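*Asks:* Following is a predicted model, sequence given first.
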Amino acid sequence: MKLKQLKNMLFVAMGFIAFIGNAQAIEKVVATVDGNPILESQVQRALGKRANTEANRLAALDSIIDDMLVQKAIQESGVKINPAQVDQIVQNIAAQNGLTYGQLLDALDYQGISITQFRANIANQILMSEVRNRSIGKNIDVSREQVEALSKQMLEQAKNSGNEKAITATEYKVRHILIKLNPLLNDAQAKSQLTQIRADILAGKTTFADAAKNYSKDYLSGANGGDLGFALPEIYAPEFAHAIKTTKQGVISAPFKTEFGWHILEVTDTRQGDVTADAYRQKAYEQLVNQQLQEESKDWIKALRKGANIQILSN
């Protein structure tokens with residue numbers, strides 16, 4: 001009796017060991033994506049009823065990798081779908097098909113689709129579109145050298161064909177006074193100080209040039225009376241560029257803030273400057289970006305793969 005029990009226990013133990021061995025074989029790691037494992041069992045599930053050939057296994061593994069990369073991109077994107085945006089799209093779909101909202105619901109119900117499912121599909125399309133665009137955008141890489149080379153080529157072609165046209169834009173001659181913030185000078189104090197300086201200039205108690213020399217923390221221009229010379233507004237911080245364009249020549253602006261501190265400025269002169277070379281650089285940049293966008297858009301999953309660490313493990 002004891003011998004029989006011992007044999008039974010031995011068979012059970014052998015079966016358990018065999019089971020463990022099979023489980024270990026099934027759960028073998030066949031690849032990693034950014035350090036996350038892909039198991040043999042996942043590949044088997046992805047194969048489904050297809051033959052377990054090398055080509056089919058590779059296709060199954062690729063589909064798993066793609067799914068993992070898409071899910072990671074969704075998580076990292078932080079994209080949030082606004083329900084109001086979905087509502088607007090549903091309304092637009094109804095209007096484009098000449099339907100009221102109620103008629104759209106009836107049409108969906110006839111097709112066996114609930115409005116909840118319909119909205120979820122729209123939200124998913126919005127989400128995937130946004131994630132796709134962001135993923136592609138991360139891989140757009142245009143160098144200064146590429147832009148310069150193409151812009152020169154485009155300009156030379158325009159000259160040779162007789163199609164070159166000089167492009168001009170308004171350049172502004174500006175002088176300014178900058179007050180920077182520090183632990184002893186907050187926003188309100190800096191603005192107040194500039195307001196007083198501006199009032200003193202307008203009252204004739206000092207000149208703009210003298211005030212710039214005495215108070216401006218842009219020491220380079222301050223030594224020159226605040227003069228920045230002629231330039232296109234776009235080279236400056238957005239708030240500074242806006243102030244240039246909206247301040248009449250000869251008028252001292254009200255104090256305004258940029259990332260550098262608080263300013264007042266005066267436009268002292270304008271002229272038309274030749275920006276032909278800059279315009280061709282912009283055209284070259286846009287062409288290079290569009291070329292890359294078209295290439296990346298053909299298969300945006302490839303864009304995800306470029307930025308991923310994918311390791312296929314040998315058997």
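*Replies:* Structure received.
*Asks:* all helices of the stretch 201-315 of the chain, in order?
*Replies:* Ranges of helices within the stretch 201-315 of the chain are 208-215, 219-222, 238-246, 276-298, 300-306, based on DSSP state H, counting those that start in this stretch.
*Asks:* low pLDDT regions in the stretch 101-250 of the chain?
*Replies:* 135-139 (pLDDT under 70).
*Asks:* So which of the helices of the stretch 201-315 of the chain is nearest residue 97?
*Replies:* In terms of Cβ to Cβ, the element of these nearest to residue 97 is helix 276-298, at 28.3 Å. Where C-beta positions appear, they are placed from N, C-alpha and C, glycine not excepted.
*Asks:* from the middle of its chain, how far away would that closest one be?
*Replies:* Centroid separation between helix 276-298 and its chain, computed with Cα atoms, centre = their mean, to the nearest Å, is 17 Å.
*Asks:* Going by neighbour count, list what's buried in that helix.
*Replies:* Neighbour counts over helix 276-298 (16 or more other Cβ atoms under 10 Å) mark 276, 279, 280, 281, 284, 285, 288, 292, 296 as buried.
*Asks:* Please enumerate residues in contact with that helix?
*Replies:* When contacts are defined by Cβ atoms under 8 Å, 6 or more residues apart in numbering, helix 276-298 is touched by residues 136, 139-142, 146-148, 150-152, 154-155, 158, 164-167, 302-303.
*Asks:* same thing but at 10 Å, please
*Replies:* 132-133, 135-144, 146-156, 158, 164-169, 232, 234, 275, 302-303, 306 (Cβ atoms under 10 Å, 6 or more residues apart in numbering).
*Asks:* Residue 131: neighbour count?
*Replies:* Residue 131 has 22 neighbours, counted by other Cβ atoms under 10 Å.
*Asks:* Ok, the one 10 residues further on next?
*Replies:* Neighbourhood size, residue 141 [other Cβ under 10 Å]: 9.
*Asks:* Tell me who's in contact with it.
*Replies:* Residue 141 touches 288, 289, 292, counting by Cβ under 10 Å, 6+ apart.
*Asks:* Please apply the same query to residue 51.
*Replies:* residue 57.
*Asks:* swap in residue 226?
*Replies:* By Cβ under 10 Å, 6+ apart, residue 226 lies in contact with 174-178, 208-213, 215-216, 218, 263-266, 268.
*Asks:* all strands for the stretch 101-250 of the chain, in order.
*Replies:* Assigned by DSSP state E, counting those that start in this stretch, the strands in the stretch 101-250 of the chain fall at 168-179, 227-231.
*Asks:* any chance of those in a markdown table, plus distance to residue 68?
*Replies:* A markdown table is the format used below for these (distance: least, Cβ to Cβ, whole Å):
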| stretch | distance to residue 68 |
| --- | --- |
| strand 168-179 | 49 |
| strand 227-231 | 49 |
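*Asks:* out of those strands, deepest packed?
*Replies:* Ranked by mean neighbour count, the strands of the stretch 101-250 of the chain are led by strand 168-179 with a mean of 20 (mean count of other Cβ atoms under 10 Å).
*Asks:* Could you identify the buried members of the contacts of residue 226?
*Replies:* Buried by 16+ other Cβ under 10 Å: 174-178, 208, 211-213, 215-216, 218, 263-266, 268, out of the contacts of residue 226.
*Asks:* ok, now which ones touch the residue nearest to residue 230 when sequence neighbours are not counted?
*Replies:* Counting by Cβ to Cβ, 6 or more residues apart in numbering, residue 230 lies nearest to residue 171, which is 4.5 Å off, once chain neighbours are set aside. Counting by Cβ under 10 Å, 6+ apart, residue 171 touches 229-233, 235, 269-275.
*Asks:* Look up how far residue 243 lies from residue 171.
*Replies:* Distance, residue 171 to residue 243, using Cβ to Cβ, to the nearest Å: 16 Å.
*Asks:* repeat for residue 122
*Replies:* Applying Cβ to Cβ, the value for residue 122 to residue 243 is 43 Å.
*Asks:* between the strand ranked longest in the chain and strand 227-231, how big is the angle?
*Replies:* Assignment by DSSP state E gives strand 261-274 as the longest strand of the chain. Between strand 261-274 and strand 227-231, the angle comes out at 40 degrees (axes from the mean of the first three to the mean of the last three Cα atoms, to 10 degrees).
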